[in-house]
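>>> Build me a structure from this.
(one chain, ligands or ions: 2)
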Amino acid sequence: MAAAVVGGGMRRKLQERVPLRRTALLADFVVLFLFVALLARRVAGLDGGGAAWRVALACEAWFAFVWLLNMNAKWNPVRFDTYPENLAERGSIDELLAVDMFVTTADPVLEPPMVTVNTVLSLLAVDYPAADEKLACYVHDDACSPLTCYALREAASFARLWVPFCRRHGVAVRAPFRYFSSTPELGTAGGNEFLDDWAFIKREYEKLVRRVEDADESTLLRQGDGEFFAEFMDVERTNHPAIVKILWDNSKSRAGERFPHLIYVSREKSPSHHHYYKAGAMNVLARVSAVMTNAPITLNVDCDMFANNPQVVLHAMCVLLGFDDEIYSGFVQAPRKLYGTLKDDPFGTQQEVIYKTLGSGMAGIWCTFYNGSGCFHRRKAIYGATPNSSIGARREGTTDSLPPKEFENKFGSSEELKESITSILSGNLPVEPIVDISCRVEAAKEVATCKYESGTRWGREVGWVYGSMTEDILTGQRIHAAGWRSVLLETEPPAFMCAAPIGGPACLTQFKRWATGLFEIIISRNNPILMTVFRRLRLRQCLSYLSIYAWPVRGFIELCYALLPPYCILTNQSFLPKAPQDVFGIPLALFLTYNTYSYMEYKKCGLSVHAWWNNHKMQRITSASAWLLGFLTVLLKTVGLSEAVFEVTPKEKITSDGNGGGNDDDDDDKVDLDLGRFTFDASPVFIPVTALAMLNILAVAAGAWRACFGTAQDDLPGVSEFMACGWMLLCFLPFVRGLVGKGRYGIPWSVKLKASLLVAMFVLLCRGK
Ligand SMILES: O=c1ccn([C@@H]2O[C@H](COP(=O)(O)OP(=O)(O)O[C@H]3O[C@H](CO)[C@@H](O)[C@H](O)[C@H]3O)[C@@H](O)[C@H]2O)c(=O)[nH]1
Ligand SMILES: [Mn+2]
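Ligands and ions are numbered 1, 2, ... in the order given. Predicted coordinates:
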């Protein structure tokens with residue numbers, strides 16, 4: 001095993017799997033023991049306790065189960081180190097595999113073209129031997145927007161300056177908006193010459209920004225060179241033929257300014273076909289690139305995720321080439337890292353601790369999950385092949401051992417695609433690049449049509465899997481279930497970076513989509529338990545997937561649990577032991593140990609107590625809002641009442657100071673712009689937490705009133721329920737403030753109204769008891 005892992009025999013190693021020390025092992029068991037003790041008390045007291053007691057038992061059993069799942073996922077964390085400097089010593093650079101790089105964008109308003117442009121420029125400029133021949137960049141545009149296409153064409157012409165500039169000066173961050181957000185230090189190598197160069201390129205970049213931002217669609221179509229935009233004439237976003245445009249053909253460029261091909265793709269759309277959102281776009285990219293450049297490795301990033309480390313492809317190659325067996329590197333995922341983040345993570349979006357604990361733990365069982373962006377795949381794994389399989393090897397000379405009919409049923413009927421897939425599946429790496437891509441445009445359009453996939457296995461066993469809003473995790477799971485393993489790629493500086501969503505609505509919408517997607521997976525035929533029984537997913541991998549899929553279910557369970565304290569106060573029952581009974585110790589001890597444990601995890605990652613509290617608070621808020629609504633959306637979808645749609649997260653317009661500017665749409669708020677403060681809109685996602693906040697205020701008030709003016713002694717509400725309500729109010733503080741806040745910092749009246757109706761119903765229910 002060790003030899004296979006270090007790989008390369010006598011040659012110098014390219015990668016190393018480093019086990020990390022696990023310090024919290026004891027604490028894990030202490031919390032587990034307290035859970036067991038609590039459950040035992042519950043069961044013992046079942047006769048005396050009422051409905052509240054039984055609900056509490058069910059919820060706590062779930063929490064204990066999730067704790068076990070997490071223990072499994074975090075059990076043996078590892079880190080992978082990569083040594084790109086050793087690549088050169090391993091002989092010819094021919095060994096380095098070609099990579100097709102994919103970028104997806106879906107809406108020129110929510111995702112301003114300059115965001116995509118910066119991502120593309122950072123990819124075109126990465127360091128890689130023979131980059132111009134081995135790399136190609138494909139952008140898929142689900143909006144079929146001439147603005148995006150124009151922006152990319154302009155980006156290609158700017159790249160002729162930008163890429164050589166980056167290479168000349170070894171630029172560290174190759175997304176121009178980030179690079180130009182700071183001024184170079186005086187006395188930098190190259191002196192004045194460099195500074196002149198810098199100033200010139202900066203001016204050119206600013207011109208590019210102006211051209212792209214000033215462009216408007218109708219002018220482009222009317223007078224921008226008519227020929228170029230002809231395909232965008234009279235098209236509708238949801239109804240148009242496939243467009244494939246080569247914006248930069250490297251083979252036609254002059255020496256000295258060579259960089260990877262840049263190709264614009266917009267798949268055919270028609271109202272009579274389902275498009276499967278990003279998963280559908282990715283499958284089109286996989287096929288289009290297959291008939292054009294057919295690199296054995298693909299990289300995909302979201303439109304706002306730029307390459308932050310110019311050596312990223314080399315690092316990935318260390319993993320892809322560094323094992324003796326391909327099975328270990330079905331895909332290589334870089335963690336999701338954010339730039340320009342707000343201090344102490346006010347919206348709980350940075351997930352640093354999750355990556356450190358769950359991420360490196362899952363890496364330890366070769367089960368790093370695919371998170372949709374910043375991931376290198378083996379094309380072979382995308383095509384649904386199992387590791388070390390090779391069709392064509394069995395019959396010498398021919399490359400077609402799948403019968404033609406079967407092949408067609410699986411991959412579709414394009415001849416060019418068939419040829420390209422066969423060469424990948426036969427495992428004859430490296431695949432020779434196709435020299436003249438311009439003669440492949442028609443073939444590319446053919447595989448980008450709506451009809452192409454019908455009757456094939458695309459979206460099931462082949463490519464990105466359909467049927468979940470989180471197509472990423474599902475696709476990764478399919479690849480693991482085929483027997484592949486995956487690796488977490490942590491480089492310094494981080495490989496890719498993107499901006500975090502800011503403000504209540506953007507964050508909760510994103511979380512809601514994830515919840516929807518994850519819950520869709522559990523109740524589908526792709527659920528990991530079936531994959532373990534019938535496919536090659538291993539038990540511990542299955543359990544660690546379950547620990548992620550548990551998130552949306554948590555929404556429902558936490559809601560039930562959160563209703564218990566106010567319910568008990570209003571109905572004068574108790575679900576926690578009344579002090580000073582002996583068992584008062586167990587829940588309190590659990591509460592304290594659990595929170596200390598979780599704070600220690602933050603501390604170990606170098607985060608402040610404030611960051612911990614913000615995350616804790618946001619977890620309670622997202623559970624009762626986004627996770628819950630995701631859960632409900634799927635239930636409604638299952639009974640046919642609604643449909644889940646992919647709501648694209650709005651990206652901040654990038655400004656030249658290198659950070660996302662706040663939304664500057666309403667001027668009145670500009671003065672007290674506080675990016676860290678929670679914001680609201682009228683979306684239903686805000687209703688449940690608003691209702692919970694109101695209910696807890698009501699319960700605390702009712703309890704206090706009864707304590708002061710009540711008559712009978714045993715009419716006193718339990719101290720622990722009282723404390724629980726108080727703690728919840730602390731967690732829901734942004735909403736409590738929102739009840740009285742103004743503008744976008746205040747909860748809209750429509751939400752407050754709906755929430756109070758829910759509260760009224762709940763109170764009536766309690767009175768009816
Ligand atoms: O119909 C669609 C919808 C989205 N996208 C693209 O998908 C990407 C991710 O969309 P975004 O709104 O930014 O979602 P996030 O929540 O930030 O994305 C995370 O979660 C998604 C699954 O919910 C994954 O697909 C992403 O890779 C992952 O970064 C973007 O490049 C979009 O352009 C499409 O191409 N077509
Ligand atoms: Mn995103």
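>>> How much space separates Thr341 from Ile522?
From Thr341 across to Ile522, the span is 31 Å (C-beta to C-beta, to the nearest Å). For every residue, glycine as well, the C-beta is placed using N, CA and C.
>>> typo on my end, it should be Phe735
Distance, Phe735 to Ile522, by C-beta to C-beta: 29 Å.
>>> same deal with Val700?
Taking C-beta to C-beta, one finds Val700 at 36 Å from Ile522.
>>> now do Leu20
30 Å.
>>> Provide the secondary structure category for Thr104.
Under DSSP: H, G, I helix; E, B strand; the rest coil, the three-state class of Thr104 is strand.
>>> Which part of this structure gets nearest to ligand 1, residue-wise?
Closest contact between the chain and ligand 1, by C-beta to the nearest ligand atom, is at Gly372 (2.1 Å).
>>> Enumerate every residue touching the nearest residue to that residue once chain neighbours are set aside.
Distances taken as C-beta to C-beta, 6 or more residues apart in numbering place Asp472 nearest to Gly372, at 3.2 Å, with adjacent residues excluded. Contacts for Asp472 (C-beta atoms under 8 Å, 6 or more residues apart in numbering) come out as 369-373.
>>> Follow the chain on from the helix or strand harbouring Asp472 and name the next helix or strand.
If you go by DSSP states H and E, Asp472 is part of helix 471-481. Scanning forward in sequence from helix 471-481 by DSSP H and E, the next helix or strand is strand 486-488.
>>> Show me which residues of the stretch 501-650 of the chain are close to ligand 1?
By C-beta under 6 Å from any ligand atom, the residues of the stretch 501-650 of the chain that approach ligand 1 are 510, 513-514, 517, 646, 648-649.
>>> And those, which is closest to Glu326?
Gly517 (28.8 Å; C-beta to C-beta).
>>> got the contact list for the closest residue to ligand 2 within the stretch 251-400 of the chain?
The shortest separation between the stretch 251-400 of the chain and ligand 2 is 4.8 Å, found at Asp302 (distances taken as C-beta to the ion). Counting by C-beta under 8 Å, 6+ apart, Asp302 touches 103-104, 119, 372-373, 498.
>>> Apply 10 Å and report the result again.
Contact partners of Asp302, counting by C-beta atoms under 10 Å, 6 or more residues apart in numbering, are 102-106, 111, 115-116, 119, 278, 336, 372-374, 496, 498, 649, 651.
>>> Of the residues of the stretch 501-650 of the chain next to ligand 1, just say which sits nearest to Val139.
Of all those, Val648 has the smallest distance to Val139: 15.7 Å, by C-beta to C-beta.
>>> so the closest one touches Asp107, yeah?
Yes: between Val648 and Asp107 a contact is recorded at 5.4 Å, counting by C-beta atoms under 10 Å.
>>> Now do the shared contacts for those two.
142-143, 303.
>>> Give me the spatial nearest neighbour of Trp162, chain neighbours excluded.
Leu121 (5.8 Å).
>>> Work out for me the element the one you found sits within.
Leu121 belongs to helix 113-124 when elements are defined using DSSP H and E.
>>> Now do that helix: distance to the chain's middle.
Computed by C-alpha atoms, centre = their mean, to the nearest Å, the chain-centroid distance of helix 113-124 equals 19 Å.
>>> Which positions in that helix come out as buried?
113-124 (16 or more other C-beta atoms under 10 Å).
>>> what about it and ligand 1, any contact?
No: judged by C-beta under 6 Å from any ligand atom, helix 113-124 stays clear of ligand 1, getting no closer than 8.3 Å.
>>> Check stretch 344-359 too.
No: counting by C-beta under 6 Å from any ligand atom, ligand 1 has no neighbours in stretch 344-359; the shortest distance is 9.8 Å.
>>> What average pLDDT does that stretch get?
Average pLDDT, stretch 344-359: 89.
>>> Is that stretch positioned near ligand 2?
No: Stretch 344-359 is not in contact with ligand 2 by C-beta under 5 Å from the ion; minimum separation 10.5 Å.
>>> does the closest residue to ligand 2 within the stretch 51-200 of the chain count as helix, strand or coil?
Taking C-beta to the ion, ligand 2 has its nearest neighbour within the stretch 51-200 of the chain at Glu111, 8.5 Å off. Following three-state DSSP, the label given to Glu111 is coil.
>>> List the residues that contact it.
By C-beta under 10 Å, 6+ apart, the contact set of Glu111 is 104-105, 141-143, 145, 148, 302-304, 648-651.
>>> In helices, which of those residues fall?
Of the positions in the contacts of Glu111, Thr148 sit in helices, assigned by DSSP state H.
>>> could the contacts of Glu111 go into TSV alongside distance to Ala155 and pLDDT?
Output for the contacts of Glu111, formatted as TSV (distance: C-beta to C-beta, whole Å; pLDDT from 0 to 100):
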residue	distance to Ala155	pLDDT
Thr104	16	98
Thr105	12	97
Asp141	13	97
Asp142	18	97
Ala143	17	96
Ser145	14	95
Thr148	10	96
Asp302	17	97
Cys303	12	96
Asp304	15	95
Val648	21	90
Thr649	22	87
Pro650	21	86
Lys651	16	86
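>>> Okay, and which of the contacts of Glu111 map to strands?
Judged by DSSP state E, the contacts of Glu111 include 104-105, 141, 302 as members of strands.
>>> ok, of those, which one's closest to Arg478?
Taking C-beta to C-beta as the measure, Arg478 sits nearest to Thr104 out of these, at 19.0 Å.
>>> residues near the closest one, how many?
Using other C-beta atoms under 10 Å as the criterion, Thr104 is surrounded by 24 other residues.
>>> what's across from it in the sheet?
Beta-bridge partners for Thr104, by DSSP bridges, are His140, Asp302.
>>> In contact with it, which residues?
Thr104 neighbours (C-beta under 10 Å, 6+ apart): 111, 116, 138-142, 265, 277-278, 281-282, 284-285, 300-303, 372-373.
>>> run the last query once more with 7 Å
By C-beta atoms under 7 Å, 6 or more residues apart in numbering, the contact list for Thr104 reads 140, 278, 281-282, 302-303.
>>> Now rank these by neighbours and give me the top one.
Busiest of those [other C-beta under 10 Å] is Cys303, holding 28 neighbours.
>>> In this structure that residue contacts Val117, no?
No: the criterion here is C-beta atoms under 7 Å, and Cys303 misses it with Val117 at 9.3 Å.
>>> Please, where are all the helices along the stretch 1-150 of the chain?
For the stretch 1-150 of the chain, helices defined by DSSP state H, counting those that start in this stretch occupy the ranges 2-6, 25-44, 51-74, 113-124, 131-134, 146-169.
>>> mind checking pLDDT for the closest residue to Pro310 other than its chain neighbours?
Sequence neighbours aside, Asp127 is the residue nearest to Pro310 in space, at 4.7 Å (criterion: C-beta to C-beta, 6+ apart). Listed pLDDT for Asp127 reads 95.
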